[in-house]
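J.: sharing a sequence plus its predicted fold:
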Amino acid sequence: MEIKIYRVIDANLNRFKEGIRVVEDILRYVFDDFNHSLKLKNLRHLANLEIQNSAIKFRDCVNDVLKPSLNLELKRENLQDLISANLKRAQESSRVLEECFKLIDLKISENFKNARYELYDIEKEILNLNL
């Protein structure tokens, strides 16, 4: 069972990068916000880890028990909702990665802990911009 932790890592590395990418692209292309876009891009690249190449073999999208979207996940009223939901996704994933990497590599675990706190700060900055 311990080897299946790589399935958790694979899924959360993807979630982390995807959530950040959505926000990064909105800030980049809709709001032309260079500073926040660059911060997010740098955070996203933190998840480009060699371990993901070996974790992919544990991916099992077909049998994912929560693959279908929940109604809550389908509702977005505006860009702020989209930004907020995707920042939360990245924050939650960074917490999962922080915990999982405590079993494998403490330095990587600490990197995701720091990323989570940076995402909290970025969220506060972005949501205070009144987009």
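T.: Good, I have the coordinates.

J.: how about Gln91, phi and psi?
T.: phi -60, psi -50 (degrees, to the nearest 10).

J.: list the contacts of it.
T.: For Gln91, the contact set (C-beta atoms under 8 Å, 6 or more residues apart in numbering) comprises 116, 119-120, 123. Bear in mind the C-beta positions are built from the backbone N, C-alpha and C, glycine included.

J.: would CSV of those residues with pLDDT, neighbour count and secondary structure be doable?
T.: Listed next are these as CSV, based on pLDDT from 0 to 100; neighbours: other C-beta atoms under 10 Å; DSSP: H, G, I helix; E, B strand; the rest coil:
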residue, pLDDT, neighbour count, secondary structure
Arg116, 98, 20, helix
Leu119, 98, 26, helix
Tyr120, 97, 13, helix
Glu123, 95, 17, helix
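
J.: and which of the residues you listed is nearest to Phe31?
T.: Checking these against Phe31 by C-beta to C-beta gives Glu123 as the nearest, at 14.9 Å.

J.: wait, what's in contact with the closest one?
T.: 84, 87, 91.

J.: about what we covered before: out of the contacts of Gln91, which is nearest to Ile51?
T.: Arg116 (18.4 Å).

J.: just give me the neighbour total for the residue nearest to that closest one when sequence neighbours are not counted.
T.: Computed as C-beta to C-beta, 6 or more residues apart in numbering, the closest residue to Arg116 that is not its neighbour in sequence is Ser94, at 4.0 Å. Using other C-beta atoms under 10 Å, Ser94 has 28 other residues around it.
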